[in-house]
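Enquirer: Sequence and computational prediction follow.
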Amino acid sequence: SVLVGLVFYTLGRLELGRIIYFFPTHVLVGCIGGIGIFIVKTGVEVTINQTLTMETLADAHSLNLFMVVVFYEVVLRVLEWANVHVIGLANSSDEEKKKPRFALLSPIYFCMITPIFYLALWAFDVDLQDANDAGYFFPKLESSCRTEDCSSSMMDSWWDTVFNEDLFDMWRVINFSNICWPAIVES
């Protein structure tokens, strides 16, 4: 997907956009569709924390992890539909019928997923360690483990977990003298 993006960007930058008409449409649609399938497959694999096969989709544990994502997606789609067709139509004139009423619905929704998830864990009295054991959290990185058993360090204090010395490793490898600061300020 990065390569396709770079090719299209280069064609646009060189003002060679017309060259795209020399590619057959079904080839372009196939390439873009293949990238979409790869992204969806990878997303499902990250969600269920396993390689995607028919057996893993039939597994109750994987299906449970996957259904949480499907639930959030269905709720978002219903809210977006209502934003345009129910709320938007009631409060707009004829020329604005297809415009959403609340433009920040999706970003606010994405920001609320994590608090709602933790609220659901609290409401259903699910322990964080049980949720971690069930696969609802990403595993800790090996470099961030401070004890022999990484799973037991899951319940460390919030401050120690978020602000450990590994957090600032990225700033040690950046050479700030190579950055063109006037260009950043101008942009």
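Expert: That came in fine, so what should we check first?

Enquirer: what pLDDT does the residue positioned nearest the centre of the chain get?
Expert: In the chain, the C-alpha nearest the mean C-alpha coordinate belongs to Gly43, at 8.5 Å (C-alpha atoms, centre = their mean). Note on Gly43: pLDDT of 86.

Enquirer: Ramachandran angles for it?
Expert: phi -60, psi -40 (degrees, to the nearest 10).

Enquirer: Now do the strands in the protein.
Expert: Counting by DSSP state E, the chain forms no strands at all.

Enquirer: show me where pLDDT drops low in it?
Expert: 1, 87-98, 139-167, 170 (pLDDT under 70).

Enquirer: again, 90 this time
Expert: 1-32, 34-36, 40-70, 80-106, 114, 117, 120-121, 126-187 (pLDDT under 90).

Enquirer: Helices along that one, start to end?
Expert: Taking DSSP state H as the criterion, the chain contains helices spanning 2-13, 25-48, 54-58, 60-82, 88-90, 105-123, 128-133, 158-162, 169-173, 181-186.

Enquirer: what's the angle from the first one to helix 25-48?
Expert: Here helix 2-13 runs at an angle of 140 degrees relative to helix 25-48 (axes from the mean of the first three to the mean of the last three C-alpha atoms, to 10 degrees).
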